[in-house]
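Enquirer: sequence first, predicted coordinates after that:
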Amino acid sequence: MSYQKPKGTTDIYTGEIEKWQYVEAVARDVFEKYDFHEIRTPIFEHIEVISRGVGGTTDIVTKEMYDFHDKGNRHITLRPEGTAPLVRAYVEHKFFGPEHQNPFKTFYIGPMFRYERPQSGRLRQFHQIGMEVIGSKNPATDVEGILVALDFYKRLGVKHTKLVINSLGNIESRKIYRQALIDYLEPHFEELSEDSQRRLHDNPLRVLDSKDEKDQKFVQAAPSILDYLDEESHQFFEEVKVLLDALEVDYVIDHRMVRGLDYYNHTVFELMSNAPGFNGALTTICAGGRYDGLVTELGGPTSHDSGFGFALGLERAIITMEAEELEFPTVKPLDVYVVGLGEATSIESLKLVQAARYAGLISERDYLNRKAKTQFKSANKQKAKIVLVLGEDELAQGIVKVKTMATGTEITVSLAEMYQDFAGIYQKQLNA
Ligand code: HAM
């Protein structure tokens, strides 16, 4: 019997993991510049956090949850996204209190779980880099959030991006628009796709997201949400645009972009990639928006009931870099490889490789008592810069051979000297 990983999951190992570490390191560095601090919330949550937070009519909650009852009969779900859990933590730990950063600015990097049909770029366990700002109603917060996303991709060297924004207005405007959309779509009920028929009364805005051909002509001619913004909502969106213009950020407005989660209002945005490697297809590489109301929905105070955030799929960030043929850092080469010949050298080989590591060098040795030629092959494969050769003769004389691989130069050094100044001898030989 041999086992395989569950469908829609990946094992990430050498060759690929270096890309992940690199992308994560860039994200951490960018977040630090914007004064965001990391949070790690549990991988699983009480299901109500997600169903109330994300919304009971969304695809995530109705179709995609990895939920179960635990041995104490609690209804638990693996987290499908990071925003509702973060807001739960914000309320639970009273991050709105005077001793905390206000607005509260946090980021997370970790796995999320959705029972989706696996396909390219769509997994059941995927990983998000996300950020949230809670407690600011200032449109500058929305713009700052967008800038973080742009900055991150810029730092990765990604060039083919397109920023799309929209406003869903405040809760009242959204409600009025919702009704207008139902009134507009209802006469065409029979002509709509099955999904859209189902959504029409539960979550009509999602009809605008439909890719189904049957829905297209209705989606194209649908009333624009931007015509339903009240004064406050209109003003808010204007300010976001003014700030983006002031920073010379290019964007397009798409009044049909409504996003699939219920908590959004006011600004929503997506960053799309049209990298050459995607062959003309537009891929969403980051998405987010404002979610005023979510803090109170999860039991927090009205005084801090505003939030803005985004999340991006780590897998997609990597695919995007590949689609632009960008360079990733690769596995670091070895600084030192210790070739030990004969079992008698075993202890001294261990001492040497440890001395190298204590000197801060990436080091490896042979563990399999192999022939000199095979050990050198390993050293070459791992691109070792310096090879130490210790045979039984050398051991008896208290010396070791130090070979510079790039030039082939070889010197003999006493073991005593080696232990005294490993780093110094290494450096000198490297430049020899
Ligand atoms: P979302 O649009 O559901 O938003 O997901 C954000 C990003 O996660 C997507 O653009 C995509 O890159 C990635 N993603 C989502 N599902 C999958 C999947 N099955 N496989 C691979 N990647 C996937 C949210 O999750 C919100 N919490 C974003 C947010 C934060 N809004 C406010 N704050």
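Expert: Now that the structure is in, tell me what you want to look at.
Enquirer: ranges for the strands of the stretch 301-432 of the chain?
Expert: 307-313, 336-340, 363-365, 386-390, 399-404, 410-414 (DSSP state E, counting those that start in this stretch).
Enquirer: for residue 163, which of those strands is the nearest?
Expert: strand 307-313 (11.5 Å; CB to CB). Quick note: C-beta positions are derived from backbone N, CA and C, even for glycine.
Enquirer: so what does the closest one touch, helix or strand wise?
Expert: Where contact means 3 or more CB pairs under 8 Å, 6 or more residues apart in numbering; DSSP states H and E, strand 307-313 is packed against helix 83-92, strand 125-134, helix 139-156, strand 265-273, strand 283-290.
Enquirer: does the ligand sit close to that strand?
Expert: Yes: with CB under 6 Å from any ligand atom as the criterion, the ligand is reached by strand 307-313 at 309-313.
Enquirer: are any of the residues you listed buried, and which?
Expert: Neighbour counting by 16 or more other CB atoms under 10 Å classes 309-313 among the residues of strand 307-313 next to the ligand as buried.
Enquirer: got CSV for the strands of the stretch 301-432 of the chain, with mean pLDDT too?
Expert: Output for these, formatted as CSV (pLDDT from 0 to 100):
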stretch, mean pLDDT
strand 307-313, 98
strand 336-340, 98
strand 363-365, 98
strand 386-390, 98
strand 399-404, 98
strand 410-414, 97
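Enquirer: okay, the ones you listed, which one's buried deepest?
Expert: Burial of the strands of the stretch 301-432 of the chain is given as mean neighbour count (mean count of other CB atoms under 10 Å); strand 336-340 ranks first at a mean of 27.
Enquirer: measure how that strand sits relative to strand 399-404, angle-wise.
Expert: With axes from the mean of the first three to the mean of the last three CA atoms, to 10 degrees defining the directions, strand 336-340 sits at 140 degrees from strand 399-404.
Enquirer: surely residue 24 is in contact with residue 312?
Expert: No: using CB atoms under 8 Å, residue 24 is not in contact with residue 312, being 11.7 Å away.
Enquirer: residues from the chain in reach of the ligand?
Expert: For the chain, the residues in contact with the ligand (CB under 6 Å from any ligand atom) are 81-83, 114, 116, 121-123, 126, 128, 130, 132, 261, 284, 287-289, 291, 309-313, 315-316.
Enquirer: just the buried members of the residues you listed?
Expert: Neighbour counting over these (16+ other CB under 10 Å) leaves 81-83, 114, 116, 123, 126, 128, 130, 132, 261, 287-289, 291, 309-313, 315-316 as the buried ones.
Enquirer: need the residue closest to the centroid of this protein.
Expert: Nearest to the mean C-alpha position of the chain, counting by CA atoms, centre = their mean, stands residue 129 at 2.9 Å.
Enquirer: beta partners of that residue?
Expert: Bridge pairing for residue 129 (DSSP bridges) gives the partners residue 109, residue 312.
Enquirer: surely it touches residue 315?
Expert: No: Residue 129 is beyond contact range of residue 315, at 10.7 Å (criterion: CB under 8 Å).
Enquirer: for residue 425, what are its contacts?
Expert: Residues in contact with residue 425 (CB atoms under 8 Å, 6 or more residues apart in numbering) are 402, 413, 417-418.
Enquirer: what's the answer for residue 218, then?
Expert: 184-185, 188, 191-192, 207.
Enquirer: go again using 6 Å as the cut-off
Expert: residue 188 (CB atoms under 6 Å, 6 or more residues apart in numbering).
Enquirer: ok, it to residue 207 distance?
Expert: 8 Å (CB to CB, to the nearest Å).
Enquirer: got it, and residue 222?
Expert: Taking CB to CB, one finds residue 222 at 8 Å from residue 207.
Enquirer: okay, the two: which has more neighbours?
Expert: residue 207 (26 against 19; other CB atoms under 10 Å).
Enquirer: I figured that one was touching residue 201, is that so?
Expert: No: the criterion here is CB atoms under 6 Å, and residue 207 misses it with residue 201 at 10.5 Å.
Enquirer: now residue 20, what's its secondary structure?
Expert: Assigned state for residue 20: helix (three-state reduction, DSSP: H, G, I helix; E, B strand; the rest coil).
Enquirer: host element of the nearest residue in space to it that is not next to it in sequence?
Expert: The shortest distance from residue 20 to any non-neighbouring residue, by CB to CB, 6 or more residues apart in numbering, is to residue 12 (5.9 Å). Assigned by DSSP states H and E, residue 12 belongs to no helix or strand.
Enquirer: what is the neighbour count of residue 12?
Expert: Neighbour tally, residue 12, other CB under 10 Å: 16.
Enquirer: next one: residue 321
Expert: 22.
Enquirer: now the residue lying closest to it once chain neighbours are set aside: how far from residue 16?
Expert: Closest residue to residue 321 apart from its sequence neighbours, by CB to CB, 6+ apart: residue 156 at 5.8 Å. According to CB to CB, residue 156 stands 16 Å off from residue 16.
Enquirer: tell me which of the two has more neighbours.
Expert: Comparing residue 156 with residue 16 by other CB under 10 Å, the one with more neighbours is residue 156, at 20 against 12.
Enquirer: if I look at the more buried one, what pLDDT would I see?
Expert: With respect to pLDDT, residue 156 scores 97.
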